[in-house]
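> Predicted model and sequence follow; I will ask about them next.
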Amino acid sequence: MRVVMNSMFSSSSLSCLPSLCHNPKSYKQLPHFSFTNHWLSSLSIQSTFTSLKPTVCAVTPSEGTVPVINFEDFVEKDWSFLDADDISTDELYKQNIDRIISAGKVGEDSKILISTGSEGFVDRVVDTCSCKQLLVVHDSLFTLACIKEKYDTVKCWQGELIFVPDKWAPFDVVFLYFLPALSFELNQIFGALSKVCSQGARIVISHPKGREMLEKQKAEYSDVVVSGLPDKSTLESVASDHSFTMVDFVDEPGFYIAVLEHTK
């Protein structure tokens with residue numbers, strides 16, 4: 001399989017992916033790409049998957065390319081559980097999602113970063129918020145491809161949160177939608193965010209179903225859920241070392257949210 005990076009990635013380049021994007025379970029067999037510091041909006045995929053011939057086709061790069069990288073035997077992690085609940089039918093889930101988004105206090109001039117967000121969460125942010133810029137950072141190339149297919153204006157970057165380029169900074173709102181998927185210590189995360197956040201920026205750490213659901217997710221998806229949700233004292237201690245102050249904290253069995261403000 002070959003992956004070609006070029007300077008353009010538009011929704012037209014993903015015309016062969018819709019059936020996969022609307023069937024999350026089918027992407028378990030997709031390859032996992034561990035690019036660091038690559039921007040998805042510059043990606044085209046040129047590959048043929050034997051098991052996915054009906055839905056994935058070859059894409060020819062339209063502009064200048066960088067060297068081709070060959071990958072074999074890589075498997076995309078299953079992130080479908082993040083979209084297991086339907087926001088349109090589960091009223092409590094929808095209320096919790098809206099509560100999370102509201103905590104960010106997004107304005108028309110806000111520059112937003114969403115780390116490891118579900119596709120449904122990104123949809124809700126797009127539907128309910130007007131902002132200057134929205135950047136989605138995720139480990140899953142497939143999830144980002146599905147988001148980019150729907151929203152040309154949303155910027156997508158595959159890689160690790162602590163290595164996000166500062167060319168999109170400073171950020172005014174950061175949604176750490178699924179912190180337990182990040183394989184970094186809190187000190188590393190807040191250290192990185194302190195460098196790319198504006199004065200007064202709000203960091204929202206959340207789980208719309210709380211710790212009880214997280215424990216179930218951790219048992220079933222141990223390759224994705226690699227940590228837990230921080231308690232209040234731990235979070236306050238680490239955050240304060242990087243000029244973040246806690247302004248709200250709720251830790252209930254069915255809902256978790258921590259809101260911090262950058263005071264540098």
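That came in fine, so what should we check first?
> From now on I want contacts and neighbour counts done on CA atoms only, so please keep to that.
Fine.
> buried residues in stretch 206-225?
Buried residues in stretch 206-225, counted by 16 or more other CA atoms under 10 Å: 206, 207, 208, 209, 210, 211, 214, 218, 221, 224, 225.
> Strands - which of those land there?
Secondary structure defined by DSSP state E assigns 206, 207 of those to strands.
> Tell me which of the buried residues of stretch 206-225 fall in helices.
210, 211, 214, 218 (DSSP state H).
> what's near enough to touch the last one?
So the one you mean is residue 218. Taking CA atoms under 8 Å, 6 or more residues apart in numbering, we find residue 218 in contact with 224, 225, 226.
> how about 10 Å then?
By CA atoms under 10 Å, 6 or more residues apart in numbering, the residues touching residue 218 are 180, 181, 224, 225, 226, 227, 228.
> Tabulate those residues in JSON lines, adding columns for distance to residue 239 and pLDDT.
Shown next, in JSON lines, are the contacts of residue 218 (distance: CA to CA, whole Å; pLDDT from 0 to 100):
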{"residue": "180", "distance to residue 239": "17", "pLDDT": "97"}
{"residue": "181", "distance to residue 239": "19", "pLDDT": "95"}
{"residue": "224", "distance to residue 239": "24", "pLDDT": "94"}
{"residue": "225", "distance to residue 239": "22", "pLDDT": "96"}
{"residue": "226", "distance to residue 239": "20", "pLDDT": "95"}
{"residue": "227", "distance to residue 239": "17", "pLDDT": "95"}
{"residue": "228", "distance to residue 239": "16", "pLDDT": "95"}
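> At the geometric centre of this structure, which residue do we find?
residue 116 (2.6 Å; CA atoms, centre = their mean).
> excluding its backbone neighbours, what's nearest that one?
Spatially, and ignoring its direct neighbours in sequence, residue 116 is nearest to residue 138 (4.7 Å; CA to CA, 6 or more residues apart in numbering).
> for residue 223, same thing?
Closest to residue 223 by CA to CA, 6+ apart is residue 77, at 7.6 Å.
> Check whether the one you found sits in a helix, strand or coil.
Secondary structure state of residue 77, per DSSP: H, G, I helix; E, B strand; the rest coil, is coil.
> what do you get for residue 89?
coil.
> neighbours around it, how many?
Neighbourhood size, residue 89 [other CA atoms under 10 Å]: 9.
> And residue 133, by the same measure?
When neighbours are counted by other CA under 10 Å, residue 133 comes out with 18.
> Any stretches of this structure with poor pLDDT?
In the predicted model of the chain, residues 1-75, 85-88 satisfy pLDDT under 70.
> Buried residues of the helix or strand hosting residue 144, list them for me.
Counting by DSSP states H and E, the element that carries residue 144 is helix 141-150. Buried residues in helix 141-150, defined by neighbour count with 16+ other CA under 10 Å: 141, 142, 143, 144, 145, 146, 147, 148, 149.
> Could you spell out the sheet neighbours of the very next helix or strand once past it, each with its direction?
Downstream of helix 141-150, the next assigned helix or strand under DSSP H and E is strand 155-158. Its sheet considered, strand 155-158 pairs with strand 38-39 (antiparallel), strand 133-138 (parallel) by DSSP bridges.
> the helices in this structure, which residues?
Using DSSP H, helices in the chain cover 18-21, 91-103, 119-128, 141-150, 186-196, 210-220, 232-240.
> Can you tell me what sits against the third one?
Under the contact criterion CA under 10 Å, 6+ apart, helix 119-128 has outside partners 21, 79-80, 82-88, 94, 97-98, 100-102, 106, 112, 114, 116-118, 131, 134-136, 143-144, 146-147, 150-151, 154, 177.
> same thing with the longest one?
Taking CA under 10 Å, 6+ apart as the criterion, the residues outside helix 91-103 that touch it are 85-88, 120-121, 124-125, 128-129, 173, 175, 177, 202-209, 247-248, 254-260.
> Spell out for me the ChimeraX command that would select the buried members of those residues.
In ChimeraX syntax, the buried subset of the contacts of helix 91-103 is picked out as below (16+ other CA under 10 Å):
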select :87,120,121,124,125,173,175,177,202,203,204,205,206,207,208,209,255,256,257,258,259,260
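> Hmm, residue 107 is touching residue 131, no?
Yes. Contact criterion CA atoms under 10 Å: residue 107 and residue 131 qualify, at 5.9 Å.
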